[in-house]
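In: My questions are about this predicted structure, shown below with the sequence.
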Amino acid sequence: MFAIHPTAISTGPPFLNAIDATLAASESEPRRIDSIASGFSYMLVANVLQRGIGFLRNIALCYYLSDQQLGRWGLTTSFLLIAAPMAVLGLPGTFGRFVESYRTRGQLKAFVGSLMTVAMIGYGLLALWLFAFPASSGSLIFGAPQSSWTMLNIAIALGCIILFNSATELISGLRLSKTASAMHAVNSLSLTILSCIALAWVRDWQVLVVAFSASALLGLLPGCRVLLQESTWGRPAAERFSPRELLQRVAPFAASVWAINLIMNTFDIVDRYMLLHFASAEDSSQMGQALVGQLHSGKLIPTLLANLAAMLGVILLPYMVVEWESGRKERVAASLRTSLKFGTMLLFGLSIGAMLVSPLMFRVVLAGRYADGLAILPAALLVCCWMAVATFLHNYFWCAEKGRVLGGLTMLALVILIALSSFLIPLMGIHGAMLANVLACGVLLLLSIGALRWLGVTLGWETLIVVALPISLALGTIPATMVFGTCIVVASRTCWILTVEEKQAIDAATVPLLNRAGIGVISIWKRT
């Protein structure tokens, strides 16, 4: 959820004209390329639209399905999240880094064809296991054997999402951000429409798998027009394609990105499978699936906020990279401190708002069927805030090219999460799962802060205080609101939390947006 692809690195607005001119000059034939500015704008709008549609869709799923049915759907999406990159060995994830290099040499078709051939072999082996051995594969995914038809349905969905993800990675690597954004929007909107129509007729989670497959294929349509154009693939090859280069250059890059994303994705979903297999000694399959459904409902709002944090992290990374490449490492550290304080306060405030409206959503809209989901919401929001902080911290590791350190820290936190979950879930059920998440996230934060000190970055006591504020969410809405209000007053009237420079930087980012929305302000801070 929070993994940031290192190939997302680009340059900031001061360099837009120069870079766009360079890119245009490097083209050997006419091909429209989206500028960084316009591409980012479309990506931002599409991302917000996609997340909003996805949130409404998840509310509808909770309304239509029982907690057990919702749990099965949650386990399916968790499996697809892990299995899709695992099956293809992370190879499509290299498109963003290497597409343009092979395209300028006229070898893009050979490059994509070679990687996708290997990827499809990996997918074929995994799909064969799902269909041919429904007992073992079903027990792993759902805690109980499933029919061959069910596992075939999941295997088809896995193939469709692999095709969609590979196509969007390729389109993004070609710097056609508008097309990639359109693909995501079509995919999300069609999944919502198809899911709601299907569930209105058949209240079964398996129709969602069919809708998932169909929406992935529909999402390919905006990209097909581009991929079928000969100009997309570049000029004829001037030199012979060398498979050896794939092994020496592409494979190590794919392996590192694959490993880090696998660890981060596993960190995000491990609580579901621990609940499934450790929650109850008797009838663990149905009890575990129902608990997963409750957990899924409790994470609806935190997941929405987590996606917002991930988007903010992706936005901030290019600007930090520009400063790093210019040798201004202290400015990178300053940007890190500012993003930590502002991002934590933003998500803390949104979390309090979520706690205020959640009783209406759970008790009225969902008719009180997900009481456990409502009960774990404060802990889930705390995990969301701390994982967002970890995402911002990890930007510095990407700038310093310390991906291995980052992978090691996350792996250690994952091992701790699994150990705590195996101990706490049998004792406390779904509450034990969330407590294990909170403790593991805290460990990840401490490890990341310690590693940053080792790299020479000191966050400062005021930053650490702000990072610790979301703990008050566990005390309830009123205490958390009081803590947040105090923080806002102190931040606006003094320089104890935010410095003058940080306030000016936040004003520069927010005031123009408020002015465009019709809110005429000069500064969001009360001047002293």
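Out: That came in fine, so what should we check first?
In: Check which helix or strand L126 maps to.
Out: L126 is part of helix 108-132 when elements are defined by DSSP states H and E.
In: Enumerate the positions of the helix or strand just after that helix that are buried.
Out: Per DSSP H and E, helix 108-132 leads on to helix 134-142 as the next helix or strand towards the C-terminus. The neighbour-count check on helix 134-142 (16 or more other CB atoms under 10 Å) flags 134, 137-138, 140-142 as buried. The way it works is simple: take the backbone N, C-alpha and C, and place the C-beta from them, glycine included.
In: Okay, angle between the helix or strand that comes right after helix 134-142 and helix 134-142 too, please.
Out: Per DSSP H and E, helix 134-142 leads on to helix 148-173 as the next helix or strand towards the C-terminus. Helix 148-173 and helix 134-142 are oriented at 60 degrees to each other (axes from the mean of the first three to the mean of the last three CA atoms, to 10 degrees).
In: Quick one: list the elements packing against whatever helix or strand comes next after helix 148-173.
Out: On the C-terminal side of helix 148-173, the nearest following helix or strand under DSSP H and E is helix 177-201. Counting contacts by 3 or more CB pairs under 8 Å, 6 or more residues apart in numbering; DSSP states H and E, the secondary-structure elements packed against helix 177-201 are helix 36-64, helix 148-173, helix 206-219, helix 221-227.
In: and the third one, which residues are buried?
Out: Of the residues in helix 206-219, those scored as buried under the neighbour-count criterion (16+ other CB under 10 Å) are 206-216, 218-219.
In: Next: the shortest one.
Out: Within helix 221-227, the residues that count as buried by 16+ other CB under 10 Å are 222-223, 226-227.
In: Looking at these, which two lie furthest apart in space?
Out: When CB to CB is used, the two most widely separated members of the buried residues of helix 221-227 are P222 and L227, lying 10.2 Å apart.
In: contacting residues around L305?
Out: With contacts taken as CB atoms under 8 Å, 6 or more residues apart in numbering, L305 has the following neighbours: 347, 350-351, 354, 381, 384, 388.
In: would JSON lines of those residues with neighbour count and distance to L130 be doable?
Out: Putting the contacts of L305 into JSON lines (neighbours: other CB atoms under 10 Å; distance: CB to CB, whole Å) gives the following:
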{"residue": "L347", "neighbour count": "25", "distance to L130": "37"}
{"residue": "L350", "neighbour count": "18", "distance to L130": "39"}
{"residue": "S351", "neighbour count": "25", "distance to L130": "38"}
{"residue": "A354", "neighbour count": "23", "distance to L130": "36"}
{"residue": "L381", "neighbour count": "28", "distance to L130": "35"}
{"residue": "C384", "neighbour count": "30", "distance to L130": "32"}
{"residue": "A388", "neighbour count": "25", "distance to L130": "34"}
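In: Mind picking the one among the buried residues of helix 134-142 that's closest to A491?
Out: Nearest to A491 among the buried residues of helix 134-142: I141, at 46.4 Å, using CB to CB.
In: Grab the nearest non-local neighbour of that closest one.
Out: Nearest in space to I141, with sequence neighbours left out and distances taken as CB to CB, 6 or more residues apart in numbering, is F79 at 4.9 Å.
In: Over to F267?
Out: Take F267 and drop its neighbours on the chain: the residue closest to it by CB to CB, 6+ apart is L414, 5.1 Å away.
In: and L308, how many residues sit next to it?
Out: 19 (other CB atoms under 10 Å).
In: I'd like the buried residues of helix 221-227 as CSV, with pLDDT and distance to T192 appended.
Out: Output for the buried residues of helix 221-227, formatted as CSV (pLDDT from 0 to 100; distance: CB to CB, whole Å):
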residue, pLDDT, distance to T192
P222, 89, 17
G223, 86, 20
V226, 80, 25
L227, 81, 25
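In: Looking at these, which is nearest A333?
Out: When the buried residues of helix 221-227 are compared against A333 (criterion: CB to CB), the nearest one is G223, at 39.5 Å.
In: Redo the buried residues of helix 206-219 as a markdown table? Include distance to L464.
Out: Converted to a markdown table, the buried residues of helix 206-219 look like this (distance: CB to CB, whole Å):
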| residue | distance to L464 |
| --- | --- |
| Q206 | 48 |
| V207 | 48 |
| L208 | 43 |
| V209 | 45 |
| V210 | 49 |
| A211 | 45 |
| F212 | 42 |
| S213 | 46 |
| A214 | 48 |
| S215 | 43 |
| A216 | 43 |
| L218 | 47 |
| G219 | 42 |
